[in-house]
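Asks: Okay, predicted coordinates and the sequence, questions at the end:
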Amino acid sequence: MTLERPRISARVRAIAESATLKVDARAKALRAEGRPVIGFGAGEPDFPTPAPIVEAAVAACREPRFHRYTPASGLPELKDAIVRKTRRDSAYEIEASQVLVTNGGKHAVYGAFATLLDPGDEVLLPTPYWTTYPEAIGLAGGVPVEVFADETQDFKVTVEQLERARTARTKALLLTSPSNPTGAVFTVEEITAIGAWAVEHGLWVVTDEIYEHLVYDGLATASLPAVCPELRERCIVVNGVAKTYAMTGWRVGWIVGPSDIVAAASNLQSHATSNVGNVSQVAAAAALDGGLEAVAEMKSAFERRRRAIVDLLNDVPGVVCPEPQGAFYAFPSVKGLLGRSHRGVEIATSSELASYILDQADVAAVPGEAFGAPGYLRFSYALGDDALHEGITRIQKLFG
Ligand code: PMP
């Protein structure tokens, strides 16, 4: 008799389906049926990648040395560009040995936790969180410990909350500023205070700065290791070109950290993926060295859309939308619409509400459940102005 073993490992079975991708897939399916779906689901700029970046990639395609394997940890020219970029944008001096180029920011998050965590290690996870974090922590054997901050505290955890959640098993804190899904941005003072607390307790911090350039209202913010030098030995920065340069499909991200951690993470990567596509790496280097003009243009479009979407959402009875200060997401509370019947349909959760809005109004938004925060919806406003107006107006009509 043969022993019946599970077909799929427990580790992989435990991964939750990505709710963001699920909404996106359903929206695309409806669109394929001919329905006029407006998608607020995808977290990606609607602009094409700026032309000079594309041209650099085209030239790289023609170079035989880029048709070959290159160092698993990244092209030296891209690492050097990341060193310069980190100096320019964060006033943080690093060396190329502190950089690992990854297959997007998502892979950087995975590499950071795989390198840091042993089974049972706890990671403090400010909530609402980006969907991927608990999965990346869990895959590495770690335990995500949610620390919730709602809109009454601008979706920002405090040092006191973190301290209450800290235990003898806490190894690291994850910090994301600006935040996906809330758009919250920590001030220089708040970042400095969190860094000082981490130093005091010997904790690591993984700081995801992928939205660093999308900060509005002239708010001053900072990169954690720049304002907290004592933490540099235990700090990993996650970053990438996806959001800043409209390069989501090129798949280039990186981590910056202490060189022993980077060497270990590079070793892992050398067995998992080897080098990131060379053409994409050359494009990323061109993006980083090319200045921030294109970013400024995209940012002013996002800024306009941010004001529009916040006003429109706040006009929907039962919806309360705080003004986000960064990234390109609005994260309104929809609790006022729950526990009631709408057009004869009983709606108890934000997840049911998202399905109802998609079915009735052909508008896709991601339910807060995907971010550990039931009772909210996430709207990405990285879509065209007209579609934005039309989409939220449909929601107004549905509940108005
Ligand atoms: N971090 C955050 C906070 C994000 O929102 C995203 C993209 N949704 C990423 C990292 C990863 O981006 P990418 O893998 O496309 O570089």
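Replies: Cool, the structure landed. Numbers count the residues shown, from 1 in each chain.
Asks: Below-threshold pLDDT in the chain: ranges please.
Replies: 1 (pLDDT under 70).
Asks: what does it have sitting close to the ligand?
Replies: With the criterion set to C-beta under 6 Å from any ligand atom, the chain comes near the ligand through 43, 104-106, 130, 176, 180, 208, 210, 240, 242, 248, 253. For every residue, glycine as well, the C-beta is placed using N, CA and C.
Asks: Give me the residues contacting stretch 96-106.
Replies: Contact with stretch 96-106 is made by 73-76, 78-80, 82-83, 108, 111, 132, 208, 210, 238-240, 242, 251-259, 262-263, 265-266, 269, 273, 275-276, 281, 284, as judged by C-beta atoms under 8 Å, 6 or more residues apart in numbering.
Asks: which among those residues end up buried?
Replies: Buried members of the contacts of stretch 96-106, scored by 16 or more other C-beta atoms under 10 Å, are 73-75, 78-80, 82-83, 108, 111, 132, 208, 210, 238-240, 242, 251-258, 262, 265-266, 269, 275-276, 281, 284.
Asks: Take those and keep only those in strands.
Replies: Of the positions in these, 208, 238-240, 253-256 sit in strands, assigned by DSSP state E.
Asks: For the residues of the chain next to the ligand, give me a markdown table that also has distance to Ala57.
Replies: Below are the residues of the chain next to the ligand laid out as a markdown table (distance: C-beta to C-beta, whole Å):
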| residue | distance to Ala57 |
| --- | --- |
| Gly43 | 23 |
| Gly104 | 16 |
| Gly105 | 19 |
| Lys106 | 21 |
| Trp130 | 27 |
| Thr176 | 29 |
| Asn180 | 26 |
| Asp208 | 25 |
| Ile210 | 20 |
| Gly240 | 16 |
| Ala242 | 15 |
| Thr248 | 15 |
| Gly253 | 17 |
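Asks: now, which of these sits nearest Ile15?
Replies: Lys106 (13.3 Å; C-beta to C-beta).
Asks: Quickly note the distance from the closest one to Ala96.
Replies: Relative to Ala96, Lys106 is positioned 23 Å away (C-beta to C-beta, to the nearest Å).
Asks: shouldn't Val316 be in contact with Lys397?
Replies: No: the pair Val316 and Lys397 does not pass the contact test of C-beta atoms under 8 Å, sitting 9.5 Å apart.
Asks: From the contacts of stretch 96-106, which land in helices?
Replies: Among the contacts of stretch 96-106, DSSP state H puts 76, 78-80, 82-83, 108, 111, 132, 259, 262-263, 265-266, 269, 281, 284 in helices.
Asks: For the residue nearest to the spatial centre of the chain, which residues are in contact?
Replies: Geometric centre of the chain, nearest residue: Asn180, 5.1 Å, by C-alpha atoms, centre = their mean. Contact analysis of Asn180 by C-beta under 8 Å, 6+ apart lists 43, 130, 211, 327, 329.
Asks: The fourth one is in contact with Gly183, isn't it?
Replies: Yes: counting by C-beta under 8 Å, Ala327 touches Gly183, with 4.8 Å between them.
Asks: Quick one: the strands in the chain, in order.
Replies: Under DSSP E, the chain gives strands at 38-39, 99-102, 122-127, 143-148, 170-176, 204-208, 235-240, 253-256, 329-330, 340-342, 345-347, 363-364, 366-367, 377-380.
Asks: Residues contacting the fourth one, please?
Replies: The reference is to strand 143-148. Under C-beta under 8 Å, 6+ apart, the answer for strand 143-148 is 120-129, 133-134, 137-138, 157, 161-162, 165, 167, 169-170, 372-373.
Asks: now the third one
Replies: If you take C-beta under 8 Å, 6+ apart as the criterion, strand 122-127 is touched by 113, 117, 133-134, 137, 142-149, 156-157, 162, 165-167, 169-176, 179, 206, 371-373.
Asks: What of the fifth one?
Replies: Applying C-beta under 8 Å, 6+ apart, the contact partners of strand 170-176 are 116-118, 121-126, 129-130, 133, 137, 142, 145, 162, 186, 191, 194, 198, 201, 203-208, 224.
Asks: Try it again at 6 Å.
Replies: With contacts defined as C-beta atoms under 6 Å, 6 or more residues apart in numbering, strand 170-176 is touched by 121-125, 133, 198, 203-208.
Asks: ditto for the first one
Replies: Judged by C-beta under 6 Å, 6+ apart, the contacts made with strand 38-39 from elsewhere in the structure are 27, 363-364, 387, 391.
Asks: what's the farthest-apart pair in these?
Replies: Greatest spatial distance among those (C-beta to C-beta): Ala27 and Ala387, at 12.4 Å.
Asks: all helices for the chain, in order.
Replies: Going by DSSP H, the chain shows helices at 10-13, 19-32, 51-61, 76-90, 104-116, 132-139, 159-165, 188-200, 224-227, 259-272, 278-289, 293-314, 350-361, 385-399.
Asks: Would you reformat those helices as CSV and include distance to Tyr69?
Replies: Below are the helices of the chain laid out as CSV (distance: least, C-beta to C-beta, whole Å):
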stretch, distance to Tyr69
helix 10-13, 28
helix 19-32, 31
helix 51-61, 15
helix 76-90, 14
helix 104-116, 18
helix 132-139, 26
helix 159-165, 42
helix 188-200, 38
helix 224-227, 31
helix 259-272, 10
helix 278-289, 9
helix 293-314, 31
helix 350-361, 44
helix 385-399, 42
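Asks: Report the closest residue of the stretch 251-400 of the chain relative to the ligand.
Replies: Residue nearest to the ligand within the stretch 251-400 of the chain (C-beta to the nearest ligand atom): Gly253, separated by 4.4 Å.
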